[in-house]
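In: any chance you could fold what I've pasted below:
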Amino acid sequence: MTAANRLALFFLAVLAAGAWWLNNRLHPEQPVVERPAPDGFYMTGAEITAPDAAGMPQYRLIAEEIRQVALGGDTLLRDVRVEYNMYSPSPWLLTAPQGRVTENQSELELWGGVEVIGDSGDHGPARVVTDHLAVDIETSIARTDAPVALTLGRHQLHGTGLVAHLLEERLQLQSLVNGRFLP
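Out: Next up is the predicted model:
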């Protein structure tokens, strides 16, 4: 290597070091901000089966999205389908665009256009439509104070408020009940 090549190589090294130093002076490194991750969770296309006191499946919850913002807090649901009391002779299907399970998992709330379908025995399928429904998971009793439309086969009833005993196949409209019974 000739002296001229060594001088050129030295000059290039000094030029590279100077460019690096100048770049660091003009653009100082930004400190990394550490943020803790949220302590909740989310699932998409999820299915959860919850047992009753005897360990048998009480309900199966299927949702497009299940999100718990804070660990141990309420669980939010989107595009919800609940198969309630599914292994009994009188199962119920509850669907809604949105819902939540309370933090202590004692209540399931559904809203945004709730539909409940069950078998009413002699009258054919029962279909309940309402805006909001709350299910006490321990007692298997569903309630709403909202307007309700109930269809039993060809019969139609409308009212305000509903108490549904999901294990007993018993529905009670609370007030302002009117209906139409076709032969």
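
In: what ranges do the helices span in this protein?
Out: Counting by DSSP state H, the chain has helices at residues 3-26.

In: can I assume R78 is in contact with A46?
Out: No - at 10.5 Å, R78 and A46 do not qualify as touching, with contact defined as Cβ atoms under 8 Å. The way it works is simple: take the backbone N, C-alpha and C, and place the C-beta from them, glycine included.

In: now the common contact residues for those two.
Out: 63, 65-66 (Cβ atoms under 8 Å, 6 or more residues apart in numbering).

In: just those: which are in strands?
Out: 63, 65-66 (DSSP state E).

In: where in this protein is pLDDT low?
Out: 1, 28, 34-39, 120-123, 181-183 (pLDDT under 70).

In: quick check, central residue of it?
Out: Nearest to the geometric centre of the chain sits L77, at 1.1 Å (Cα atoms, centre = their mean).

In: nearest spatial neighbour of that one, skipping sequence neighbours?
Out: G99 (4.0 Å; Cβ to Cβ, 6 or more residues apart in numbering).

In: same thing with L166?
Out: Nearest to L166 is S140, by Cβ to Cβ, 6+ apart, at 4.5 Å.

In: same question for L108.
Out: Closest to L108 by Cβ to Cβ, 6+ apart is V135, at 4.4 Å.

In: and that neighbour, how many residues sit next to it?
Out: 26 (other Cβ atoms under 10 Å).

In: just list the residues touching it, thanks.
Out: 82, 84, 94, 107-110, 141-143, 166.

In: return the subset of the residues you listed lying in strands.
Out: 82, 84, 94, 107-110, 141-143.

In: partners of A96 in the sheet?
Out: V80 (DSSP bridges).

In: ok, it touching G113?
Out: Yes - using Cβ under 8 Å, A96 is in contact with G113, at 6.5 Å.

In: more crowded one of these two?
Out: A96 (25 against 13).

In: I'd like the distance between that one and G55.
Out: A96 sits at a distance of 27 Å from G55 (criterion: Cβ to Cβ, to the nearest Å).

In: still on that earlier bit, the residue nearest to L108 pairs with what?
Out: So, taking DSSP bridges as the rule, V135 has L108, A142 as bridge partners.

In: so it versus V101, what's the distance?
Out: 10 Å.

In: re earlier: want to throw the contacts of V135 into a markdown table with distance to V177 and neighbour count?
Out: Converted to a markdown table, the contacts of V135 look like this (distance: Cβ to Cβ, whole Å; neighbours: other Cβ atoms under 10 Å):
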| residue | distance to V177 | neighbour count |
| --- | --- | --- |
| V82 | 26 | 25 |
| Y84 | 24 | 26 |
| L94 | 22 | 25 |
| E107 | 26 | 16 |
| L108 | 25 | 25 |
| E109 | 24 | 19 |
| L110 | 22 | 26 |
| I141 | 19 | 16 |
| A142 | 17 | 24 |
| R143 | 16 | 17 |
| L166 | 20 | 24 |
